[in-house]
Each structure stands twice: as structure tokens, then as C-alpha cells.
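> I would like the atomic coordinates for the input below:
(4 chains)
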2 protein chains.
Amino acid sequence: MRHSKRNMPTIIDVARRSGVSKSTVGRALSGGKNINPETKEKILKAAQELGYERNHLAQSLRSGRTGMLGLVIPDIANPFWAEVARGAQDKAAETGASLLVFSSDWNSEREASHLRALRQARVDGAIVNPVENRIEDLNHFGMPVVLIGSSAERYPELPSVGSDIIQGIGLGLDHLNSLGHHRPAFLLGPFGRLARVKFQRAVHDYFVVRGMDPTDLLIEQGDYTVKSGKAAMERILATRPERPLCLFAANDLMALGALLAVREAGLTCPDDVSILGFDGIPAGVFSDPGLSTIAKPARGIGGQSMTVLLDQLSGQTVESRLVLPCKLVPRGTLRDLSNTEPTKLKATG
Amino acid sequence: MRHSKRNMPTIIDVARRSGVSKSTVGRALSGGKNINPETKEKILKAAQELGYERNHLAQSLRSGRTGMLGLVIPDIANPFWAEVARGAQDKAAETGASLLVFSSDWNSEREASHLRALRQARVDGAIVNPVENRIEDLNHFGMPVVLIGSSAERYPELPSVGSDIIQGIGLGLDHLNSLGHHRPAFLLGPFGRLARVKFQRAVHDYFVVRGMDPTDLLIEQGDYTVKSGKAAMERILATRPERPLCLFAANDLMALGALLAVREAGLTCPDDVSILGFDGIPAGVFSDPGLSTIAKPARGIGGQSMTVLLDQLSGQTVESRLVLPCKLVPRGTLRDLSNTEPTKLKATG
DNA sequence: CGTTTCCGTGGGAACGTTACCAGTTATTTC
DNA sequence: GAAATAACTGGTAACGTTCCCACGGAAACG
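Take a look at the predicted model:
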């Protein structure tokens, strides 16, 4: 190794080599004004020759800005959150900031510990997906925060970025309607969860607004896993004999599980059963047929939340709540019934 | 906000409040010896009351250790690398270290820029997946490095952690043999790549060691994408009429592509065609049937490389090259021919 | 020509912590 | 009981940078 970490060159070495004071070197290196172009070039050259690398710690300690930002998400190994992280990271890199990434595993203790670590690292700000059942106050975190995800609503005073689930659900139901699926079954999450309540209410409102009957919709429950999706579809198939059937699942994993159940029952998708997912995970491409879904703007959420955070850091007032639109991704799990028997369907609907 | 970032309490505030000197506070807080238990408790209490949070920057600047580690991988949004990151992160968290994660996108300029950022942040060490075509010298990086991935071989002096591809291939071929597939077709990567060469050599050696004929094996080429896998399988189906057919693909994405081609040709997997993948990506679960594959220990690579890095930091001498075993993940794409016609197959093989 | 403004530079203090040394007691040792 | 040792504490100097002020000289102004 060239310099053994304990004797890396400092501005003072650069100053000696270029025959000026460390103040001048500092000015030259931090791009300040009031510096003779010739002197600056001389200093830059000396710095390069010495292999000088600015000590970010000292700079941060003195200036009070670290140029480091924090990101606390449930699980970096989860494709959705990995996309979010990537979006945030790219945006941060544009401004030369580094990102400290932590996975909380939906565990509020780990979350608290990570937030403490961020505070100790004196990051300039943080993006956090707060754990759902967390009570402790994120409000006086001590630095700018931007919240992401559905549980952000618990902190109305803090800026947040999320996906527009209501719009996404509308998009999905519109699409289903256009294909002739007017009363799909729904597969939602666990009863207690905030996301579940929001989803169900959005569906209800959609039906009411359009003068359709929102009661007696078939709603099954799962826990967002493949297994629970499969089990739910088995229940539906057992109780509902009618066959062009349609299911709108609250996430892709359950939708894929439902797809497995359809196959095991000897039925085919989309001929017998149509399935629409929600999330837009990459694995949806590989199922047979490919999973039609409503994609959340994962990378966009990461990028936008970073933008909001950076705006906040530069002193701008920021929008308190930003929702990004979802996108329809039609693949192969939806059957088009609109041309087959439009009159009959209209009559029943 | 409670304290507006510019007036967070320091040890000196804690010292005032608890009536001791800042030296004593320092001792109490950094868990050193030579401190009266009562005094220590008093100080801890005062610190808590003030909401004191140790300034990691100052600590690092003075002590020369930041407790921060770097991780440079191609793409955090890629499931495989996300797993690696997760493994490294968990291991780092055990020792209280934070991880700075960067995505290089297989771009050596971005990689160089990220390495510079790590050096400026004065991280204690880094884990790097070097970009393949990189020439610049990672050898005098200036701090402990651990390499991961296949291109680590270019830096024989640096410690590295990878998966044992040769063992994984052996595992796959053993398994195929046991199921009666003695001469599978192979779907490998682009000709120039190091990984392709290694794969092909491993297959060759496997055949030679077992006294089997390594020549005239059917080898198709792809570029690790789904599309190329599909195209390759279409070529194979067109040229090879015999039907219990078997394909061993060099990665899961191509294997899934091949699976699509089989379906589109009106054939079924595994009845007509058996497919074995390599990687162990999560999406393999959702295909129909589920993709049998050789899983690389992604999280293990992350965790082990972090262990090696931490060992190196604590002054221990470390193994220069560590290879982790791959694991067989049997799902549904492999047909068992061993019971059906063992004698006939033995005769032909 | 004296005064003001500007530019370029240097010298110190400060950021918050740990390392080190020098004290002051309390405790042990011969 | 004096001396040596241990336990605890305080003061000061770093770590490498930026911030602030002061200084000299050149240019601009009246």
C-alpha cells in the first residue's frame, strides 16, 4: 500500500510542497473565491502529485455538513425496496452525496438503533420508511427527514413521498371494467393493517362514485405471501362455481400464489380465471402467463424522496405530501371478455 | 425539532451537567477502564437527560477509525447483489459498523468515482466487485479491501470471496446423472467472458475425470438474458429431434427463457425437456414448473466477505481466497429418467 | 495624493472527540 | 509507617479541515 492510512497527505503537506499557507490550499481545494488562478493550479498539481485525498471527516466536523444521507427501509434484499434504494442512491450521487443504507426488517428496535446510528454519523438528513407499529416520536428526530411508504400518514407534519394507491386501484378497476370484468373478487392483506383499510375503502369509493353496488363484493384475506395467495384462491375456486372468474390481488406475491392455485386446480389462466396483481415486482415477468399488474413507481419514490430531502436541506420549503402515480402493466393474466358477450354482460351488470 | 443540529449537546455539556471534566466523560462514554462506577452512572444519566449523541465524526477524526465500511457492487437493484449487500450489512451491523453502499453499473468510471468517495470518507475498509475490464490499480487502494465476484482473480494479492462455481457445476452434473441425464446440452454466456471460460472448462474436466467423452457436447451461447435463453432453446429444439432432452444453463434468466421457448413450441417441461439453471434467483420459484437450479450463496458471500474484511481490520492474517459452496435447489424442471429405462440409457451412454 | 475598495494571502481559532501525561487520592506492600 | 502501587481524575494537545480576521499591495475613487 502506498500510504498506510496513518500518514495520508493533508492540506498541510500540500501547502509545504506548493509553498503557500494551508489557508490558501483550503481555498484552492474547496473551490472558493479570492484565489489567484496560477496559485490554484500550482496547488492542484502539488495535491495530485502527493496523491492527496481530502479528509471528509475533518471537513464535516468543521463545516457541520457531512454530505451523507441516511436511508432506512425494511429490507434491501426485497426487490421493491432495492428499487427504492437505487432511485435514492442515483439522485444522491448526482449531488455528490453518499447514502448510508440500513434494513430495519420491520422491527422497530432495529429501526431505532439505525436512526441512532444515523444521528451519530451526523448525516445531513434521512429518508425513512417508518415501521408500522412504532410509537416513538420521529417528529423530533433532530434533522430533516422524509418519510416513504404507507405508514407515513402517522406523521402528518413530516414531508413524505408515496405511491398513489387510490389512483392505482382506479386504474386497475377501469382496466378490468374495459375487459368486461365488472365485479372482480379481491384478495387483500391482513385486517389490522393500514394498507388493507385504504385499499378496501378505495374500492368501495370507486364503486359508489360510479353508481355501482359496493356491497357483497367477494373479499378474501391473505398476508401478502405467495402461500396465502394460493390458499385464498383455493377457497374462492371451491365456493364460486362461475368460471370466467376474476381476482384483483393487493400485491403481486399473492397474485402469483393465486396463479399457482389455478393451475393446480386444473384450470387455466386467463381462460378460466383472470388475475390482476399490484406492485410490479420483476418476478411477474416470468410466470406463465406473465402477471398483469399495477406497478408502483418504486425507483421514482426513491428518487423523489431524495429530491424532497435535498430541497429541504437547501432551505427550500417542500410539499408536505407527494404521491406518485401507479402504472398499468398488462401482461397475460387478464382475459378480454368485452368482445365476446358484451350485451349479456351489460344486462347482468 | 428539539435541537437544531447546530447546538447538539457535546461531552463538554455532559461534563458541566455532571460536574466532572470532559476527560472523565470521555472515559465513561467510550467504555474505558479506570472509571468509578458511581461517576460513570452519574455521567450516563446526565448524558441521557441532555439527549447527548456521540459525534462520530470527531471520534473518527481523532481516533483514526470511522467504523464505516464501503461496498461497491454493480447494481443494488439486482436481486443477486441485493442479497450480497444484505449479507454484508447484517454482518457489519453485528459489530456496530455502518455500510456505505454504491452501485457501479459495471462502469469503471463510476467505480473509480465511488472508490474515491470511500477514500475521502475515510472508511476503514471496503468490499468491492471490480468491474471486469478495469485496469487501474486496486492494489494500492490505501486501505484494506476484499474482492468479491469472478473478476477477483485479476488481483491475486488481494483477499477475495466467491462462490465455488466448479463445485456447483459438479453438483448439477451429478444431479443430472442421477436422474438419467448423462449428456445435457449447455447454454453458456458470451465467448469472451471469463465466467464462460471457467464454466466450460469445469464441464470438460468433469467429463474427463469420470472417463466420459467431453467432446461433441452440445453448447449453445447466450448473453445471460431471458431473450437469449429463449432463442437458444428454439435453436436446440429445431436441431435436436430426440425428446427427453436436457439443458443446463449458465444462469437462471436464460433458463427461464428456455422454459418459455419450450412452452411456445407446444412441449412441456419437464416431460419433454428438462432444464437446470444456475444462480438461485427468487423469480425461479414462480415459473411453472418451478425452476430447478444451482444456487450461489449470495448472502453468504456478502457475510463472509465482511467477516474477512473485519478480520483483516483487526490485524488477523486472512485466507487469501475463499470459495463458498453452491447448493442444489431441486424444483420442478427436471424429469427423473432413472427408473424408467435405466438399462437402455446406460447402453447408449 | 489620500482614501476607499478589492484581491490575494497568511495566521490563528474552532469543530468534538480521544490520547497522553500529570496530578490526587486510596490501597497495598515490605 | 514509609514507599510503592493502583485507581481515578483533570488538563492539554492533537486529528485535518473551514471560518474569521488581519494584513499588504494594487486598483479605483474623490
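
> Output the residue ranges of the strands in the stretch 51-200 of chain A, listed in chain order.
Applying DSSP state E, counting those that start in this stretch to the stretch 51-200 of chain A gives strands spanning A:68-73, A:98-103, A:125-128, A:145-148, A:160-163, A:185-188.

> Minimum distance to DNA strand C: which of those strands has it?
strand A:68-73 (15.8 Å; C-beta to the nearest atom of the strand). (Glycine included, C-beta is placed from N, CA and C.)

> Show me the contact partners of that closest one.
Defining contact as C-beta atoms under 8 Å, 6 or more residues apart in numbering or on different chains, one finds that strand A:68-73 is touched by A:60, A:81, A:84-85, A:88-89, A:92, A:97-104, A:111, A:114-115, A:118, A:121-129, A:148, A:306, A:309, B:121.

> my guess is A:I76 meets B:P79, correct?
No - contact criterion C-beta atoms under 8 Å: A:I76 and B:P79 do not qualify, at 10.8 Å.

> overlap in contacts of those two?
A:A82.

> Settle it for me: which of those two has more neighbours?
Between A:I76 and B:P79, counting by other C-beta atoms under 10 Å in any protein chain shown, A:I76 is the more crowded of the two (25 against 22).

> shaky segments in the stretch 101-250 of chain A?
A:133-140 (pLDDT under 70).

> Let me know the distance separating the residue nearest to A:H204 when sequence neighbours are not counted from chain B.
Distances taken as C-beta to C-beta, 6 or more residues apart in numbering or on different chains place A:P214 nearest to A:H204, at 4.7 Å, with adjacent residues excluded. When distance is defined by C-beta to the nearest C-beta, to the nearest Å, A:P214 is 32 Å away from chain B.

> Check whether A:P214 sits in a helix, strand or coil.
coil (DSSP: H, G, I helix; E, B strand; the rest coil).

> Quick check: it vs DNA strand C, distance?
57 Å (C-beta to the nearest atom of the strand, to the nearest Å).

> swap in A:K230?
As judged by C-beta to the nearest atom of the strand, A:K230 and DNA strand C stand 53 Å apart.

> Residues of chain A that sit close to DNA strand D?
A:8, A:10-12, A:22-23, A:26, A:29-30, A:32, A:52, A:54-55, A:58-59, A:61-63 (C-beta under 7 Å from any atom of the strand).

> domains for chain A, by residue range?
In the domain annotation for chain A, the residue ranges read A:11-54, A:68-162+A:298-323, A:165-297+A:328-348 (automatic domain parsing).

> still on that earlier bit, intersect the residues of chain A next to DNA strand D with the contacts of DNA strand C.
A:22-23, A:58, A:61-62.

> just to revisit the earlier point, the strands of the stretch 51-200 of chain A into TSV, with extra columns for distance to DNA strand C and mean neighbour count?
Below are the strands of the stretch 51-200 of chain A laid out as TSV (distance: least, C-beta to the nearest atom of the strand, whole Å; neighbours: other C-beta atoms under 10 Å in any protein chain shown):
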stretch	distance to DNA strand C	mean neighbour count
strand A:68-73	16	26
strand A:98-103	19	24
strand A:125-128	18	26
strand A:145-148	21	26
strand A:160-163	30	26
strand A:185-188	48	24
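
> So which of those is nearest B:F207?
When the strands of the stretch 51-200 of chain A are compared by C-beta to C-beta, strand A:98-103 sits nearest B:F207, at 43.1 Å.

> Where do the helices of the stretch 1-150 of chain A begin and end?
For the stretch 1-150 of chain A, the helices defined by DSSP state H, counting those that start in this stretch occupy A:11-18, A:22-29, A:37-50, A:56-63, A:79-94, A:108-120.

> And those: which comes nearest B:F248?
Among those, helix A:79-94 comes nearest to B:F248, with 26.2 Å by C-beta to C-beta.

> which outside residues touch the closest one?
Everything outside helix A:79-94 that qualifies as a contact, by C-beta under 8 Å, 6+ apart, is A:69, A:71, A:73-76, A:98-99, A:101, A:127, A:129, A:148, A:279, A:281-283, A:296, A:298-307, A:310, B:75-79, B:82, B:101-103, B:282.

> got it, and stretch A:143-161?
Here stretch A:143-161 has contacts from A:73, A:84, A:119, A:123-132, A:134, A:138-139, A:162, A:165, A:194-195, A:198, A:301-302, A:304-306, A:308-309, A:312-313, A:318-324, B:1, B:5, using C-beta under 8 Å, 6+ apart.
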